[in-house]
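A.B. asks: Structure here, sequence nowhere to be found:
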């Protein structure tokens, strides 16, 4: 088939899934589809092997390194060959050649990640070929995830989705490995690859849901492994097991512990890279409870791991592995916090910022996503270590400030509950939160806090947590706190209540505050000599001080200490203040008579009045004849302007303004009389009104025949006709006038 002549019968821009190829071989002609097993070539591929690691990798190449370089050369040749194949042969090889996928998957599983290269310290002779293979594998997967290379070489999206899913070319775990290997430096390209795959085949979304559950189960398996080996960690790292009746020792060695930490780092980094490449996966992980599960795993696993690292470090085990473990533990913590942040940001915060706000019943702006945000943090308030570290990288106050800018009002009581869990107590709240969140108001966050929370790169976040771990380790070296000592003493007292607190404290100091070991030696009666000779009823100094303090409190007890009054601690509270000004307090009814001279002398405010009185009572200065009117401070700018001259008035004409003014200023010659106070009306006024009424009545009669009528009579008749239309004529007159105006009848 390799020597056959191939002819494309169809048009060049036809999709590959419907295209056919004509083959001419040995005089025979055959027609085959472009995607056919006949175009696949059998080839033995070389699988990838991780580069050899030596502690002191500075000399010439060893035999293992030479063998690895030879293996890489063959693998490079295979990858270059597959990339040079024509479009239909490449896809035929990808679909039907299973050994090709095993070769590619060997690199995905065995290739060192970015965080591993830091501790490998590979020589340039090994690092350069490794980078070449890294690039070639990426190009192969990039070509496999593209359904359109050019105008002539392409296939339909539906056919592409079915091909890659039915032939297991891509799956969700493989996409997660690709994201972990290439997502950091090629985020845009890898993101487009994954988007292509999920958009063309919806079945990958169902697989993603199942994969998310498997990832969360991985956290559970890590916790089980940790709890199973925790007893081995505390008992010199070895435990006796019985196999076929023979006792065998199983130890959690430093190398096993290192592999265990590598697994945690790999899970955390892979999940982080995949969520960065394909943010839509955050919704699936959130629905399966990934946010709260990450916080729970963080709280359960890392404190025990850090205690084990500290214990092994004191035993002076392999320092190189211990340092690598510490670095990867800090990296894993940072990645898990960023995974949690990415999920919450995509599913809650971004939805809050982008959604339209609605008015609630109480006039407050509510948002369903804000309730989801609060529910997530309220559900994990018991994970104090996680919340504390999360608040270092992403201050909770920053999110609240963003919500306040768009008018989102959150429940103050739940916020107070969350802040108490983050900061352990109200006393350790930030200054911006003490006076706002606790009282139900919006917090005021400084701009530098927002910048700090938004510009956290991966390395900066690791440095922040590493610095926090340094402070916590320094606190451990300084010894437990007083509260922790009291708790340890109480644990021992629960078993031996007859012992004194001071004696138990000395025992704890000797056994490095391991209360279980103290209980063990007390039960077996194997105390050291200096503790055997000590008084077992010895009390602690702090206990004596607390007893004295409680005695003083009882003796000095007063009912006034329990009172609650709105006037507590004001300037007149004589029960709580000793500097009350008694002169301001007056008992009984105060005298309102004017102040006497003696009281004025005591009043400091009367000094001004006394001085003013003395100034007025002093003698006036004598008049000086030589007083200079033209001193320098006199302003003679307007002295030349003539003022007060009125305009001339022509004789015979009256000044209008003055006349108006005189009319306004004229007062009535006789005062107005109030007619309502008269005993009766003036008879002359009564007769005048009657005469006026009689004349108006006679005017409507008109004149004698032939002399016509007066104008007032005609006017009265017209008014009478118009008004009669409302009652008497029933609007007949107006309707008649309306018809006449339109020519219905002659007027």
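C.D. replies: Everything's here; your move. Computed from a prediction, not measured in an experiment: that's the story for all the values here.

A.B. asks: helices and strands around the longest helix along the chain, which ones?
C.D. replies: Ranked by residue count under DSSP state H, the longest helix found in the chain is helix 203-234. Contacts defined by 3 or more C-beta pairs under 8 Å, 6 or more residues apart in numbering; DSSP states H and E place helix 203-234 against helix 172-182, helix 187-200, strand 238-243, helix 254-277, helix 281-287, helix 290-314. C-beta coordinates here come from the backbone N, C-alpha and C atoms, glycine included.

A.B. asks: Could you list every helix and strand in contact with whatever helix or strand residue 398 lives in?
C.D. replies: Assessed by DSSP states H and E, residue 398 sits inside helix 396-405. For helix 396-405, the elements it packs on are helix 368-379, helix 412-423, helix 447-454, judged by 3+ C-beta pairs under 8 Å, 6+ apart.

A.B. asks: that older thread, can you give me the angle the longest helix of the chain makes with helix 290-314?
C.D. replies: Relative orientation of helix 203-234 versus helix 290-314 (axes from the mean of the first three to the mean of the last three C-alpha atoms, to 10 degrees): 30 degrees.

A.B. asks: taking the mean pLDDT, what do you get for helix 203-234?
C.D. replies: If you average the pLDDT over helix 203-234, you get 85.

A.B. asks: Quick check: buried residues in that helix?
C.D. replies: Residues of helix 203-234 classed as buried by neighbour count (16 or more other C-beta atoms under 10 Å): 204, 207-208, 211-212, 215-216, 218-219, 222, 226, 229, 233.

A.B. asks: Now distance to residue 338 too, for these, in JSON lines please.
C.D. replies: What follows is those, written out as JSON lines (distance: C-beta to C-beta, whole Å):
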{"residue": "204", "distance to residue 338": "24"}
{"residue": "207", "distance to residue 338": "24"}
{"residue": "208", "distance to residue 338": "20"}
{"residue": "211", "distance to residue 338": "20"}
{"residue": "212", "distance to residue 338": "17"}
{"residue": "215", "distance to residue 338": "15"}
{"residue": "216", "distance to residue 338": "17"}
{"residue": "218", "distance to residue 338": "18"}
{"residue": "219", "distance to residue 338": "16"}
{"residue": "222", "distance to residue 338": "18"}
{"residue": "226", "distance to residue 338": "22"}
{"residue": "229", "distance to residue 338": "27"}
{"residue": "233", "distance to residue 338": "28"}
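
A.B. asks: which one of those residues sits closest to residue 420?
C.D. replies: Closest to residue 420 out of the buried residues of helix 203-234 is residue 219 (26.8 Å), distances taken as C-beta to C-beta.

A.B. asks: wait, isn't that closest one in contact with residue 297?
C.D. replies: Yes. Shown here, residue 219 and residue 297 form a contact pair, counting by C-beta atoms under 8 Å, at 4.3 Å.

A.B. asks: and the angle from the longest helix of the chain to helix 172-182?
C.D. replies: Using the same axes, to 10 degrees: helix 203-234 against helix 172-182 is 70 degrees.

A.B. asks: Backbone torsions only: list them for residue 511.
C.D. replies: phi -100, psi 30 (degrees, to the nearest 10).

A.B. asks: Please list all residues in contact with it.
C.D. replies: 517, 518, 521 (C-beta atoms under 8 Å, 6 or more residues apart in numbering).

A.B. asks: Okay, now stretch 520-537: how far is its last residue from its first?
C.D. replies: By C-alpha to C-alpha, to the nearest Å, the extent of stretch 520-537 from end to end equals 19 Å.

A.B. asks: Which residue ranges of the stretch 451-600 of the chain form helices?
C.D. replies: Per DSSP state H, counting those that start in this stretch, the stretch 451-600 of the chain carries helices over the ranges 458-477, 482-495, 501-510, 515-524, 529-532, 541-555, 597-602.

A.B. asks: where does this protein have its least confident helix or strand?
C.D. replies: Least confident helix or strand of the chain, by mean pLDDT, DSSP states H and E, is helix 447-454 with a mean of 40.

A.B. asks: before we move on, the earlier item: between the longest helix of the chain and helix 254-277, how big is the angle?
C.D. replies: Going by the same axes, to 10 degrees, helix 203-234 makes 150 degrees with helix 254-277.

A.B. asks: quick check: angle from helix 203-234 to helix 187-200?
C.D. replies: Using the same axes, to 10 degrees: helix 203-234 against helix 187-200 is 120 degrees.

A.B. asks: which regions of the stretch 1-150 of the chain sit below the pLDDT cut-off?
C.D. replies: Within the stretch 1-150 of the chain, the segments meeting pLDDT under 70 span 1-12, 54-60.

A.B. asks: All the strands of it, residue numbers only.
C.D. replies: 5-8, 20-25, 28-33 (DSSP state E, counting those that start in this stretch).

A.B. asks: nearest to residue 150, of the ones you listed?
C.D. replies: strand 5-8 (14.1 Å).

A.B. asks: Which is the succeeding secondary structure element to the helix or strand hosting residue 695?
C.D. replies: Using DSSP H and E, residue 695 maps to helix 683-698. Sequence-wise, the next helix or strand downstream of helix 683-698 (DSSP H and E) is helix 711-724.

A.B. asks: Show me what whatever helix or strand comes next after that next one is packed against.
C.D. replies: Proceeding C-terminally, helix 711-724 gives way to helix 732-741 as the next helix or strand, assigned by DSSP H and E. Secondary-structure packing of helix 732-741 (3+ C-beta pairs under 8 Å, 6+ apart): helix 711-724.

A.B. asks: quick one: average confidence on the helix it packs on?
C.D. replies: 73.

A.B. asks: Next, the buried residues of that helix.
C.D. replies: Buried residues in helix 711-724 (16+ other C-beta under 10 Å): none.

A.B. asks: How about stretch 133-144?
C.D. replies: Buried, per 16+ other C-beta under 10 Å, within stretch 133-144: 133, 136, 137, 138, 140, 141, 142, 143, 144.

A.B. asks: now do stretch 486-503
C.D. replies: Residues of stretch 486-503 classed as buried: 486, 488, 489, 492, 499, 500, 501, 502, 503 (neighbour count, 16+ other C-beta under 10 Å).

A.B. asks: Which residues are in contact with the residue nearest to the second one when sequence neighbours are not counted?
C.D. replies: Read that as residue 488. Distances taken as C-beta to C-beta, 6 or more residues apart in numbering place residue 515 nearest to residue 488, at 4.6 Å, with adjacent residues excluded. By C-beta under 8 Å, 6+ apart, the contact set of residue 515 is 488, 491, 492, 508.

A.B. asks: on that earlier part again, would you tell me which one of the buried residues of stretch 486-503 comes nearest to residue 712?
C.D. replies: Using C-beta to C-beta, the buried residues of stretch 486-503 come closest to residue 712 at residue 486, 117.6 Å.

A.B. asks: pLDDT at residue 392, what is it?
C.D. replies: On the pLDDT scale, residue 392 gets 89.

A.B. asks: That one: which element?
C.D. replies: helix 384-393.

A.B. asks: Give the buried residues for that helix.
C.D. replies: 385, 386, 387, 389, 390, 391, 392, 393.

A.B. asks: got a markdown table for those residues, with distance to residue 693 too?
C.D. replies: Output for the buried residues of helix 384-393, formatted as a markdown table (distance: C-beta to C-beta, whole Å):
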| residue | distance to residue 693 |
| --- | --- |
| 385 | 109 |
| 386 | 105 |
| 387 | 101 |
| 389 | 107 |
| 390 | 102 |
| 391 | 100 |
| 392 | 104 |
| 393 | 103 |
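
A.B. asks: Out of those, which comes closest to residue 288?
C.D. replies: For the buried residues of helix 384-393, the nearest to residue 288 is residue 386 (18.5 Å; C-beta to C-beta).

A.B. asks: And that closest one, how close does it get to residue 313?
C.D. replies: As defined by C-beta to C-beta, to the nearest Å, residue 386 lies at a distance of 24 Å from residue 313.

A.B. asks: Same check on residue 383?
C.D. replies: The value you get for residue 383 to residue 313, if C-beta to C-beta is used, is 26 Å.

A.B. asks: which one of those two has more residues nearby?
C.D. replies: Neighbour count, other C-beta atoms under 10 Å: between residue 383 and residue 313, residue 383 has more, with 21 against 15.
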